[in-house]
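Q: Sequence first, predicted coordinates after that:
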Amino acid sequence: MVTVDDYGAIRRARRDGLSIRAIARQYGHSRKTVRHAFVHADPHPEPLTRNRAAPKLGPFQSIIDQILIDDETAPPKQRHTAAQIFRRIRDEHGYRGVYVQVQRYVRKHRRRQNETFIPLGHLPGQRLEADFGHIHVDFPDGRRLVPFLVTAWAYSNAPFVLALPFERTEAILQGMVASFEFFGAVPKEVWWDNPKTVATLILLGRERQVHPRYAAFASHYVFEPRFCMPARGNEKPDAESTVKAVQKRFATPVPRVADLDELNAFFRKCCEAERDRVVQSVLGPFTIKDRLAEDLAAATSLPKHRFDPCVIRPAVAVDKFQTVAFDCNRYSVPRRYAFEMVTVKGYVERVVIVANGQVVASHDRSFQKRTLILDPIHYLATLGKKPGALDHSPVFRAWNLPSCFTAFRIELEQHHGAMPGSRRFVQVLQLLGEHPMSRVTQAIEACQRDQLHSAEAVIQRTRSLAVIEAAKRGVTAATSETPAAPRVDVPLPDLSRFNELLSSPAVDGPVSVIFA
């Protein structure tokens, strides 16, 4: 390749009077190169690729052009490659040239069709981009693929990451609420691609039919829900780059955690550390925390009330088994709501049943399918009429009660017989519908110490403990409000006298004891 130094030597030789032929012979260049050095200040090598004539391909170029035009409306994964175009014009149209000519022509055509872009510069507080990604995480029970939600401000690139058990609408709502609370501000626009959990229907252009709960969420926080064009994830590059950053930097090596809470605590520290990072953008470098301050200053403040991040199923029927259906599972409710219509609210981690504006049941959400999630407390009223279910229903067999309950049942059955003892034990269990487990447990243990093998004794002791606790709470409240109020202590009743009643020969049958 001829260099600037070669051009200088040629010009100096010409200056000294050498002919073009002599210069070409002396320096080993062609006479054309020598003449070019006289005219041009710098060497301009000819392009390595020239528009060579293609006499064999020429008659087929219009056919190739039409194939490429048709490809513009074909699915992206079903468009012609250069090799497929070569095979078609060879087999269908009798092309006898070589493949390289077809490949070169297709490459030139597609280079002219490549998309170009305009550098964008979003305003502070205007735009937040959201997306989902997936990483593998090591838990105590093994390695699992975990989805995570990312949000990123388009102006500052400040990220937020939250691992979730799934990607359903309720998970999106919970993740977005957590994102707004993490930043303490709300953007004017939130951009997604087109997940069906957010945009249930793609209409003309950028118009979408938005999921009702996401529309309510956008209305509550007063932002504009925006969406990318289909298959154009590059329209939200900050969220896409954040997903890759989580996969390549935050989650490499593979995280080893006890649960999602520990993983999210780790992600939170990573997001906070990112604020010190310097971003090299096309408009110049900047520090994330500096621009984030501008984002938050220009964004909208959080509303007074937090949005309820759940999906709502209104008018769900309660069946004869006191259960309602949600997400291919059934959850129990108290007996008095059987055969009624209730509202089911599905959160990421729990399911809540509401009737007449009041929460009547709350369960941990099951991620399995076709399972029964039952609360034994809900079936105590029915158990009073069907005591035989105590030993024949999984809901009671799987009930993990304190050991004193089992011991007390054995004592009842020994003193009253198997069936009468079971019925009396059911009466004790029914106390749990009105009293906390700790209070009933305390009452049973007290009766066992006093060797009172009677359901009535436990009932009376439980009620007495409730009165005493209520009196203590009242005294405490009165003391806090009125310092001069006198203190009242109610002593525990002495149940040892009950043994005297049981041992008295004048007493026949069961004895009812009422404590003063």
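A: Arrived safely, thanks for sending.

Q: Could you find the closest non-adjacent residue to V2?
A: In space, and not counting its chain neighbours, V2 is closest to P43: 4.6 Å by C-beta to C-beta, 6 or more residues apart in numbering. All C-beta spots, glycine's among them, are computed from the backbone N, C-alpha and C.

Q: Quick check: the one you found vs D16, distance?
A: Relative to D16, P43 is positioned 21 Å away (C-beta to C-beta, to the nearest Å).

Q: Count the neighbours of the residue nearest to V2 for me.
A: Counted by other C-beta atoms under 10 Å, the residues lying close to P43 total 15.

Q: next one: R409
A: 20.

Q: Not counting sequence-adjacent ones, nearest residue to it?
A: Here the residue nearest R409, using C-beta to C-beta, 6+ apart, is F425, at 4.4 Å.

Q: Let me know whether my guess that the one you found is in a strand holds.
A: No. If the criterion is DSSP: H, G, I helix; E, B strand; the rest coil, then F425 is helix and not within a strand.

Q: Who are the contact partners of it?
A: 390, 408-409, 412-413, 455 (C-beta atoms under 8 Å, 6 or more residues apart in numbering).

Q: ok, it to F408 distance?
A: From F425 to F408 the distance is 7 Å (C-beta to C-beta).

Q: and the helix or strand encompassing Q66, which residues are buried?
A: Taking DSSP states H and E as the criterion, Q66 maps to helix 61-71. Across helix 61-71, burial judged by 16 or more other C-beta atoms under 10 Å covers 64, 67-68.

Q: And for that helix, what's in contact with it?
A: Contacts to helix 61-71, defined as C-beta under 8 Å, 6+ apart, come from residues 79-80, 85, 88-89, 93, 102, 105-106, 109-110.

Q: Neighbour-wise, give me the winner out of these.
A: V102 leads the contacts of helix 61-71 on contacts (other C-beta under 10 Å) with 25 neighbours.

Q: Apart from its neighbours in sequence, what residue is nearest that one?
A: With C-beta to C-beta, 6+ apart as the criterion, V102 has its nearest non-adjacent residue at 4.3 Å, and that residue is F86.

Q: Now do the contacts for that neighbour.
A: Counted by C-beta under 8 Å, 6+ apart, F86 has contacts 95, 99, 102-103.

Q: of these, buried ones?
A: Buried among the contacts of F86 by 16+ other C-beta under 10 Å: 95, 102.

Q: now, which of the contacts of F86 lie within helices?
A: Per DSSP state H, helices hold the following members of those: 99, 102-103.

Q: ok, then the element right after the helix holding Q66?
A: The C-terminal neighbour of helix 61-71 among helices and strands, as given by DSSP H and E, is helix 82-93.

Q: For that following helix, C-alpha coordinates in PDB please.
A: Only the C-alpha atoms of helix 82-93 are listed here, as PDB (Å, rounded to 0.1, in the frame of the first residue of the first chain):
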ATOM      1  CA  ALA A  82     -29.300 -15.400   1.400                       C
ATOM      2  CA  ALA A  83     -28.900 -19.100   1.100                       C
ATOM      3  CA  GLN A  84     -32.600 -19.700   0.900                       C
ATOM      4  CA  ILE A  85     -33.000 -17.000  -1.800                       C
ATOM      5  CA  PHE A  86     -30.200 -18.600  -3.700                       C
ATOM      6  CA  ARG A  87     -31.900 -22.000  -3.600                       C
ATOM      7  CA  ARG A  88     -35.200 -20.500  -4.700                       C
ATOM      8  CA  ILE A  89     -33.900 -18.600  -7.800                       C
ATOM      9  CA  ARG A  90     -31.800 -21.600  -8.700                       C
ATOM     10  CA  ASP A  91     -34.600 -24.200  -8.400                       C
ATOM     11  CA  GLU A  92     -37.600 -22.000  -9.400                       C
ATOM     12  CA  HIS A  93     -36.100 -19.600 -12.000                       C
END
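
Q: If I take that helix and helix 61-71, what angle do their directions form?
A: 120 degrees (axes from the mean of the first three to the mean of the last three C-alpha atoms, to 10 degrees).

Q: ok so, going back, now the residue nearest to V2: how far from I23?
A: Distance from P43 to I23, by C-beta to C-beta: 15 Å.

Q: go on, I410?
A: I410 is 119 Å from I23, by C-beta to C-beta.

Q: Neighbour count for those two, which is higher?
A: Neighbours per residue (other C-beta under 10 Å) separate I410 from I23, with I23 holding more: 23 against 13.

Q: need the contact list for the more buried one.
A: Per C-beta under 8 Å, 6+ apart, neighbours of I23: 10, 13-14, 29, 34.

Q: What of P285?
A: 278-279.

Q: which residues in the stretch 101-250 of the chain form strands?
A: Assigned by DSSP state E, counting those that start in this stretch, the stretch 101-250 of the chain shows strands spanning 127-139, 142-153, 159-163, 189-192, 199-202, 208-210, 224-227.

Q: can you put the ones you listed in TSV and add mean pLDDT and mean neighbour count?
A: As requested, the strands of the stretch 101-250 of the chain are exported to TSV (pLDDT from 0 to 100; neighbours: other C-beta atoms under 10 Å):
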stretch	mean pLDDT	mean neighbour count
strand 127-139	95	20
strand 142-153	96	19
strand 159-163	97	25
strand 189-192	94	21
strand 199-202	89	15
strand 208-210	91	16
strand 224-227	93	18
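
Q: Which among those strands is found nearest to E340?
A: With C-beta to C-beta, the closest approach to E340 among these belongs to strand 199-202: 29.5 Å.

Q: Which strands or helices does that closest one pack on?
A: Applying 3 or more C-beta pairs under 8 Å, 6 or more residues apart in numbering; DSSP states H and E, one finds that strand 199-202 contacts strand 208-210.

Q: Residues touching the strand it packs on, excluding its own?
A: 194, 198-203, 218, 225, 227.

Q: quick one: strands adjacent to it?
A: Next to strand 208-210 in the sheet, as set by DSSP bridges, lie strand 199-202 (antiparallel).

Q: Need the residues that contact the strand it pairs with.
A: 192, 194, 208-211, 227, 230.

Q: between the residues you listed, which is nearest L302?
A: Taking these together and measuring to L302 by C-beta to C-beta, the closest member is W192, at 20.6 Å.

Q: Tell me what that closest one is bridged to.
A: Beta-bridge partners of W192, as defined by DSSP bridges: F227.

Q: my guess is it contacts P230, does it?
A: No. Applying C-beta atoms under 8 Å, one finds W192 not in contact with P230, separated by 12.0 Å.

Q: Just put the strands of the stretch 101-250 of the chain in CSV and tack on distance to A470.
A: Below are the strands of the stretch 101-250 of the chain laid out as CSV (distance: least, C-beta to C-beta, whole Å):
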stretch, distance to A470
strand 127-139, 45
strand 142-153, 46
strand 159-163, 42
strand 189-192, 49
strand 199-202, 51
strand 208-210, 50
strand 224-227, 50
